[in-house]
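# With the sequence up front, the predicted model follows.
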Protein chains: 2
Amino acid sequence: MSISSKVMGRLTRYRALLTEYFPKDKLHVFSHELATMMGFSASQVRRDLMCLGYFGVPRYGYEVKELIHHINDVLDASKVHHVAVVGAGNLGRALMSFLGSRRATLKIVAAFDDDPQLANRLINGVPCYAMDRAEEIMKHQGITIAILCVPGSAAQRVTDRLVIAGIKGILNFAPVPIRIPVGIALEEIDVTSALERVAFYTTSRTGTPKKRRNSPQE
Amino acid sequence: MSISSKVMGRLTRYRALLTEYFPKDKLHVFSHELATMMGFSASQVRRDLMCLGYFGVPRYGYEVKELIHHINDVLDASKVHHVAVVGAGNLGRALMSFLGSRRATLKIVAAFDDDPQLANRLINGVPCYAMDRAEEIMKHQGITIAILCVPGSAAQRVTDRLVIAGIKGILNFAPVPIRIPVGIALEEIDVTSALERVAFYTTSRTGTPKKRRNSPQE
DNA sequence: CCTGAAATGTGAATCCATTCACATCGTTCA
DNA sequence: TGAACGATGTGAATGGATTCACATTTCAGG
């Protein structure tokens, strides 16, 4: 059974919740507990967990340790990935420090930038290289994933260079869609668009806005 | 007809594409042109544009100026929104400068932070206040939207305070889901989760959940 | 051991988004 | 002018994700 992108996304968040923000002394968790924490329905949670090959026990719920373990198995079926931040402007640098301390399987090992000022320096503990050394460094460091934080006007051009250099996955923060050949993984995060979406639903009283509705109760 | 969140998201991106990254001398645009630029199908584009109340002409496509104008009408049905960045760490600051120069209808007018070091200073041109002045400042400045960039451990607590202070919309960058009362707009951007998703599809040769060369916005 | 309560796993139903297919229409050119 | 082309708008078909509903399982307590 193949796991859809949406399920994937939720699995990563279950894991984050359980490993980092869940009481250490609770050994079991119910689907409806996860559901209220995440903001959706219990049957949704159970469906998602079904594709793990691990099953809870009725009346008892899921064993937290086992659950995390099985999510790891599915999600990190891969090896460790080496990641490069491409575009070391404000956003790029913020992401370096934000992601720096995170999962051990995703290591940020390099940054690239067009600006020669930044080349060959350490930025937030990450070595920064000139853009035209991308291919060389990527090969040498075994970099498979790029986080793209360049201005929209440069996004496609830089992407093309990354593709030539052999990138396998891209997380795109540039505010324009980019085109890539099939076979390369792509996720796009458009901050401006997200903000505009919030603004839209903030005023329009009429429409039923979004998925999640929970009371701030515990 | 109510506009779904997904359509909304694409409309903002059509607009960005047309206003900022489209040849100024092209007066018309075809659905299939937008489609290849955005990475999805032409009928998708036409469906989306249908809810604008503006119609293209066969053989000629859509008049760019009119199209932008009608997207504006639908998206900015609202007034200007005043936005606060909550949590002035690395990510918060990066977003301030990243979003600072953007759409005039979304103005970042304040930042809040628990750290007393940061209070009453200008950060990237934005005045920063202590968290406990949130209600006062929000009222005074007419702030309706918050961009939440605090650590996961503080996210729910800070959210509750914002809610009490009367926030109307939240864009959440904290890596945990937050719960809010009905009637408040919410969008969540989980960078870690997005990166993990890319990593997953980067290795797993098996599943091909991405249909076309481009993936949709989350 | 038996009964009841409470949770699970899952087929079926529902809902929503996307794509297909085509009738329709404006433009262009013979 | 009118016929052919190439694009649109949209009903219907498809496909995917979510929810419903319930049979099933497990545990607690008498």
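Alright, I've got the coordinates.
# so A:Phe112, which of the three states?
Recorded secondary structure, A:Phe112: strand (DSSP: H, G, I helix; E, B strand; the rest coil).
# ok, it - how many residues close by?
If you count neighbours by other C-beta atoms under 10 Å in any protein chain shown, A:Phe112 ends up with 28. Using the backbone N, CA and C atoms, a C-beta is placed for each residue, glycine as well.
# from memory it sits against A:Cys128, does it?
Yes: applying C-beta atoms under 8 Å as the test, A:Phe112 and A:Cys128 come out as touching, 7.2 Å apart.
# helix or strand for the residue of chain A most remote from its centre, which one?
No residue in chain A sits farther from the centre than A:Arg59, which is 33.3 Å out by C-alpha atoms, centre = their mean. Assigned by DSSP states H and E, A:Arg59 belongs to no helix or strand.
# Now do the shared contacts for A:Phe112 and A:Cys128.
Common contacts of A:Phe112 and A:Cys128, defined by C-beta atoms under 8 Å, 6 or more residues apart in numbering or on different chains, comprise A:Ala88.
# Residue numbers of chain A in contact with DNA strand D?
Residues of chain A found near DNA strand D (C-beta under 7 Å from any atom of the strand) are A:4-7, A:40-41, A:43-44, A:47, A:57-60, A:211.
# Now render those residues as TSV, adding pLDDT and secondary structure.
Shown next, in TSV, are these (pLDDT from 0 to 100; DSSP: H, G, I helix; E, B strand; the rest coil):
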residue	pLDDT	secondary structure
A:Ser4	95	coil
A:Ser5	94	helix
A:Lys6	96	helix
A:Val7	97	helix
A:Phe40	96	coil
A:Ser41	98	coil
A:Ser43	98	helix
A:Gln44	98	helix
A:Arg47	98	helix
A:Val57	96	strand
A:Pro58	96	coil
A:Arg59	95	coil
A:Tyr60	95	coil
A:Lys211	41	coil
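# Narrow those to just the buried residues.
A:Ser5, A:Val7, A:Phe40, A:Gln44 (16 or more other C-beta atoms under 10 Å in any protein chain shown).
# Closest one of these to A:Leu148?
Each of these was checked against A:Leu148 using C-beta to C-beta; the closest is A:Ser5, at 18.6 Å.
# is stretch A:72-89 anywhere near chain B?
Yes: on the criterion C-beta under 8 Å from any C-beta of the partner chain, stretch A:72-89 is in touch with chain B at A:Leu75, A:Ala77, A:Ser78, A:Lys79, A:His81, A:Val83.
# ok, back up a step: widest-spaced pair of the buried ones among the residues of chain A next to DNA strand D?
Pairwise distances across those peak at 16.3 Å for A:Ser5 and A:Phe40 (criterion: C-beta to C-beta).
# how much space between A:Asp114 and DNA strand C?
34 Å (C-beta to the nearest atom of the strand, to the nearest Å).
# Show the pLDDT at that residue.
A:Asp114 carries a pLDDT value of 95.
# List the contacts of it.
A:Ala130, A:Met131, A:Val150, A:Ala154.
# what about the nearest residue to the first one once chain neighbours are set aside, how many neighbours?
Just to be clear, that refers to A:Ala130. Leaving out its chain neighbours, the residue that sits closest to A:Ala130 by C-beta to C-beta, 6 or more residues apart in numbering or on different chains is A:Ala119, at 4.3 Å. Burial of A:Ala119 is recorded as 18 neighbouring residues (other C-beta under 10 Å).
# Kindly report the same for A:Val158.
Around A:Val158 there are 23 other residues, counting by other C-beta under 10 Å.
# got the contacts of A:Asp114 as TSV, with pLDDT and neighbour count columns?
Below are these laid out as TSV (pLDDT from 0 to 100; neighbours: other C-beta atoms under 10 Å in any protein chain shown):
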residue	pLDDT	neighbour count
A:Ala130	96	15
A:Met131	95	20
A:Val150	97	24
A:Ala154	97	16
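# from the residues you listed, which is closest to B:Ile123?
Closest to B:Ile123, out of all of the contacts of A:Asp114 and judged by C-beta to C-beta, is A:Val150, at 23.4 Å.
# Let me see the contact set for the residue nearest to the closest one when sequence neighbours are not counted.
Nearest in space to A:Val150, with sequence neighbours left out and distances taken as C-beta to C-beta, 6+ apart, is A:Gly87 at 3.7 Å. Counting by C-beta under 8 Å, 6+ apart, A:Gly87 makes contact with A:Phe112, A:Asp113, A:Leu148, A:Cys149, A:Val150, A:Pro151, A:Ala154, A:Val158.
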